[in-house]
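A.B. asks: dropping the sequence and predicted coords here.
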Amino acid sequence: MTRMVLTLILLASPALLPADVLLIEQVRQAEGMAVPQNGQSKAGVEAAFGAPRDTTGPVGNPPITRWTYEHWSVYFEFDRVLFTVLNKGEVITSKNPGS
């Protein structure tokens with residue numbers, strides 16, 4: 001029964017399939033972007049990418065700090081990168097701007 005329902009959903013909504021492929025491609029491109037990596041130190045981020053244009057925090061326990069750059073923001077727990085996210089409205093770019 002579950003397989004039949006899933007099949008019917010996929011057949012009834014073929015417009016969703018290209019969106020899934022596009023999302024997978026965006027994830028692959030994001031993996032190649034030049035952004036701070038999880039676990040990197042604040043000093044390492046600043047040495048590699050320069051000073052952030054804005055900072056927020058620390059907030060909470062453990063303390064979370066956000067550094068905002070032109071195209072993305074970096075979230076730190078204590079001194080280490082938790083994750084990096086694109087700022088609203090930004091698009092994924094390649095690691096090598098000239099390519």
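C.D. replies: Thanks, I have the structure now.

A.B. asks: only C-alpha atoms for contact and neighbour calcs from this point on.
C.D. replies: OK.

A.B. asks: checking Ala43 next. Helix, strand or coil?
C.D. replies: Here Ala43 is helix, with the state taken from DSSP: H, G, I helix; E, B strand; the rest coil.

A.B. asks: cool, Pro36 as well?
C.D. replies: coil.

A.B. asks: now swap in the one 3 residues further on and tell me
C.D. replies: Secondary structure of Gly39, reduced to three states by three-state DSSP: coil.

A.B. asks: that one contacts Arg80, correct?
C.D. replies: Yes. Taking CA atoms under 8 Å as the definition, Gly39 is a contact partner of Arg80 at 5.0 Å.

A.B. asks: pLDDT on stretch 69-83, on average?
C.D. replies: Across stretch 69-83, the average pLDDT comes to 93.

A.B. asks: just the CA coordinates for it, please, in CSV.
C.D. replies: The C-alpha coordinates for stretch 69-83 follow below in CSV (Å, rounded to 0.1, in the frame of the first residue of the first chain):
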residue,chain,number,x,y,z
TYR,A,69,30.6,38.3,5.7
GLU,A,70,29.4,39.6,2.3
HIS,A,71,27.8,36.3,1.1
TRP,A,72,27.6,34.1,4.1
SER,A,73,27.6,33.9,7.9
VAL,A,74,29.6,31.8,10.2
TYR,A,75,28.3,30.5,13.6
PHE,A,76,30.8,29.7,16.3
GLU,A,77,30.5,27.7,19.6
PHE,A,78,33.1,29.2,21.9
ASP,A,79,36.1,29.5,19.4
ARG,A,80,35.1,26.9,16.8
VAL,A,81,33.0,27.0,13.7
LEU,A,82,29.7,25.1,14.1
PHE,A,83,28.5,25.8,10.5
